[in-house]
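>>> Sequence unavailable; structure follows:
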């Protein structure tokens, strides 16, 4: 089944996404900054009111993907606080100062978060040698949220197609990055990508629009199966 995931920044977003037919939520704050770590209180509130799978963004700042020891320590404490809440995933990516995905830190965060599974987010798209990272993280993370090495999912579609064809037995790929309703039928070969993640395309004037979520759900339901 093709999964529609919607980014939610508050309880109203979450409830509207559910009403529109979303099957997964990514919880974050500051969508304009491409998503930052949400307050634990918000995660608790949404978990209490919504039965959908929740993926929680772990991103301390919007100044690249290199994090200080203090920021990492804070993330570890945050992850420990998430574990009793019954969330289904955490979304994280980190680079070393040379611009490559920091593989040792990805391993460490994945072990720390277990049994909560880890999604590698679009830090991959801005990193050096992303395919090397995908090779090295097989068996460590189950899911990759990506637009490919491009500003948008549409521009990166050919690379993501190649990644999914090469690594699809190891990862669940989620398409993310400015994807529009009109692009859905044309972006990937049938059945190749299982998850589609939407932020702006599900919104009107900054708020989740139930009608738009329904349109996205309908478009995904019409995709041919392999």
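Done, it's in. Here the structure is a predicted model, which means the values were calculated and not measured.

>>> Now the residue lying closest to residue 50 once chain neighbours are set aside. Its backbone dihedrals?
Using CB to CB, 6 or more residues apart in numbering and skipping the chain neighbours, the partner closest in space to residue 50 is residue 14 (5.1 Å). No exception for glycine: its C-beta is placed from N, CA and C like everyone else's. The phi and psi values for residue 14, taken as degrees, to the nearest 10, are phi -60, psi -50.

>>> residues touching the residue nearest the centre of the chain, list them.
Nearest to the mean C-alpha position of the chain, by CA atoms, centre = their mean, lies residue 145 at 4.6 Å. By CB atoms under 8 Å, 6 or more residues apart in numbering, residue 145 lies in contact with 91, 119, 120, 121, 122, 174, 176, 195, 197.

>>> just those now: which is nearest residue 132?
Nearest to residue 132 out of those is residue 120 (CB to CB; 13.0 Å).

>>> how many neighbours does that closest one have?
For residue 120, the neighbour count with other CB atoms under 10 Å is 27.

>>> quick one on the thing from earlier: what score does the residue nearest to the centre of the chain have for pLDDT?
For residue 145, the pLDDT comes out at 98.

>>> who does it bridge with?
Taking DSSP bridges as the rule, residue 145 bridges to residue 174.

>>> Out of the contacts of residue 145, which comes closest to residue 51?
residue 195 (18.3 Å).

>>> could you say what helices and strands the strand ranked longest in the chain packs with?
Secondary structure of the chain per DSSP state E: the longest strand is strand 3-8. Packing partners of strand 3-8 (3 or more CB pairs under 8 Å, 6 or more residues apart in numbering; DSSP states H and E): helix 11-20, strand 24-27, strand 195-198, helix 210-221.

>>> Show residues contacting the helix or strand that residue 164 is a member of.
Residue 164 is part of helix 157-167 when elements are defined by DSSP states H and E. Residues outside helix 157-167 that contact it (CB under 8 Å, 6+ apart) are 131, 134-135, 138, 144, 146-150, 153, 173, 175, 187-189, 192-193.

>>> Return the set of buried residues in the lengthiest helix in the chain.
Taking DSSP state H as the criterion, the chain has its longest helix at helix 69-82. Of the residues in helix 69-82, 72, 75, 78, 79, 82 count as buried by neighbour count, 16 or more other CB atoms under 10 Å.

>>> swap in stretch 166-186?
Quick answer for stretch 166-186 (16+ other CB under 10 Å): 167, 171, 172, 173, 174, 175, 176, 177, 178, 179, 183, 184.

>>> for stretch 20-30, same thing?
So for stretch 20-30, counting by 16+ other CB under 10 Å, buried means 20, 21, 22, 23, 24, 25, 26, 27, 28.

>>> Can you name the residues that contact the third one?
Residues in contact with residue 22, defined by CB under 8 Å, 6+ apart, are 4, 5, 6, 52, 202, 213, 217.

>>> what's near enough to touch the residue nearest to the second one when sequence neighbours are not counted?
When the adjacent residues along the chain are set aside, residue 5 lies closest to residue 24, with 4.0 Å between them (CB to CB, 6+ apart). Taking CB under 8 Å, 6+ apart as the contact definition, residue 24 lies against 3, 4, 5, 6, 52, 53, 54, 55, 88, 195.

>>> same thing with residue 82?
Residue 82 touches 40, 43, 56, 90, 116, counting by CB under 8 Å, 6+ apart.

>>> Can you convert the helices and strands packed on strand 3-8 into a markdown table and add a column each for mean pLDDT?
Output for the helices and strands packed on strand 3-8, formatted as a markdown table (pLDDT from 0 to 100):
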| stretch | mean pLDDT |
| --- | --- |
| helix 11-20 | 98 |
| strand 24-27 | 98 |
| strand 195-198 | 98 |
| helix 210-221 | 98 |
